[in-house]
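> A predicted structure for the sequence below; I have some questions about it.
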Amino acid sequence: MKRIGIIGGMSWESSAEYYRLINEGIRKRLGGLHSAEMLMLSVDFEPIERLQHAGEWESLGERLATAARDLERGGAEGLLLATNTMHKVAEAIEAAVEIPLLHIADATGERLRSDGIGRVGLLGTAFTMEEPFYRRRLEERFGLEVLVPEAVQRERVHRVIYDELCLGITREDSREAYRSIIAELARRGAQAVILGCTEIGLLIRQEDMSVPLYDTTRIHAEAAVAWMTGD
């Protein structure tokens with residue numbers, strides 16, 4: 001089994017899901033008392049959130065590159081960045097280490113392509129929905145057409161992530177708002193919807209919707225398990 005290093009804490013609510021899902025995946029594949037060989041460096045999210053909204057992405061890239069080097073020195077053979085938004089600085093992380101970064105958009109794009117999805121809706125932070133680093137990767141590498149909600153809806157999705165889900169709060173009115181936004185994406189032609197923030201799966205489940213949902217936390221964790229076990 002290869003040892004994975006996880007840069008987590010953004011937020012720790014979803015990082016806890018990564019830990020659970022990866023260990024469950026290893027146990028399912030290897031059986032018995034097997035569990036995952038992993039290292040996790042969990043950062044303090046408060047200063048990172050402030051830098052995100054201040055647009056200080058170079059500083060954020062330096063911080064996460066330092067975390068990646070620490071994990072590599074600790075014996076990690078590959079890296080997971082347990083957040084969609086911070087893949088905006090994925091290149092800075094990759095440049096700082098010699099071990100591979102398992103990119104969350106690649107894992108998601110590969111799953112969508114293998115399932116024959118061509119047009120997909122995307123929910124996430126405003127950074128993920130509005131900036132090109134995530135959508136362009138899906139479009140250029142996997143041939144996907146990516147739809148995002150309208151501006152007012154994007155603001156609601158973003159606010160719920162930071163003001164509720166990252167604090168461990170799930171509210172029924174927010175769940176209903178997300179359901180409505182997902183349904184609207186489906187009406188616009190989305191064959192499926194990416195839950196492109198690692199906290200959204202804490203609020204919305206597949207049983208809540210008729211349109212297929214692609215939970216990036218689960219997909220990323222499953223990709224890590226496959227890489228760790230050589231599959």
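Sure, I can see it.

> Return the distance of whichever strand or helix holds residue 48 from the chain's centre.
Here residue 48 is covered by helix 45-54, with elements defined by DSSP states H and E. Its chain's C-alpha centre and that of helix 45-54 lie 17 Å apart, by CA atoms, centre = their mean, to the nearest Å.

> Doesn't residue 121 belong to a helix?
No: counting by DSSP: H, G, I helix; E, B strand; the rest coil, residue 121 is not found in a helix; it is strand.

> quick revisit: list the buried ones in the helix holding residue 48?
Applying a neighbour-count criterion of 16 or more other CB atoms under 10 Å, the buried positions in helix 45-54 are 45, 48, 52. Yep, even glycine has a C-beta here, placed from its N, CA and C like the rest.

> ditto for stretch 184-202
Those buried within stretch 184-202 under the rule 16+ other CB under 10 Å are 185-186, 190-202.

> now, which of these lie within strands?
The strands, defined by DSSP state E, take in 192-195 from the buried residues of stretch 184-202.

> Touching stretch 179-195 from outside, list them.
108, 112, 115, 117-124, 147, 149-150, 153, 156-157, 201, 204, 208-217 (CB atoms under 8 Å, 6 or more residues apart in numbering).

> Show me what residue 6 bridges to in the sheet.
residue 40, residue 80 (DSSP bridges).

> Relative to residue 43, how far out is it?
11 Å (CB to CB, to the nearest Å).

> Please apply the same query to residue 92.
Distance, residue 92 to residue 43, by CB to CB: 15 Å.

> Equivalent analysis for residue 96, please.
15 Å.

> Which residue is the nearest non-sequential neighbour of residue 110?
Closest residue to residue 110 apart from its sequence neighbours, by CB to CB, 6 or more residues apart in numbering: residue 142 at 7.1 Å.

> could you show me where the helices are in this structure, in order?
Here the chain has its helices, by DSSP state H, at 12-30, 45-54, 57-73, 90-96, 104-114, 126-130, 132-142, 151-163, 172-187, 216-229.

> residues contacting the nearest residue to residue 106 once chain neighbours are set aside?
The spatially closest residue to residue 106, leaving aside those adjacent along the chain, is residue 141, at 7.0 Å (CB to CB, 6+ apart). Residue 141 is in contact with 105-106, 109, counting by CB under 8 Å, 6+ apart.

> ok so, going back, residue 2 is nearest to which of the helices of the chain?
helix 216-229 (4.8 Å; CB to CB).

> List the buried residues in that closest one.
Going by neighbour count (16+ other CB under 10 Å), the buried part of helix 216-229 is 216-225, 227-228.

> same deal with stretch 93-113?
Result for stretch 93-113 [16+ other CB under 10 Å]: buried residues 93-94, 96-97, 99, 101-109, 111-112.

> can you list the domains in this structure?
4-103+219-229, 105-216 (automatic domain parsing).

> export the ones you listed to CSV and tack on mean pLDDT?
CSV is the format used below for these (pLDDT from 0 to 100):
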stretch, mean pLDDT
domain 4-103+219-229, 97
domain 105-216, 96
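
> Great, nothing more from me.
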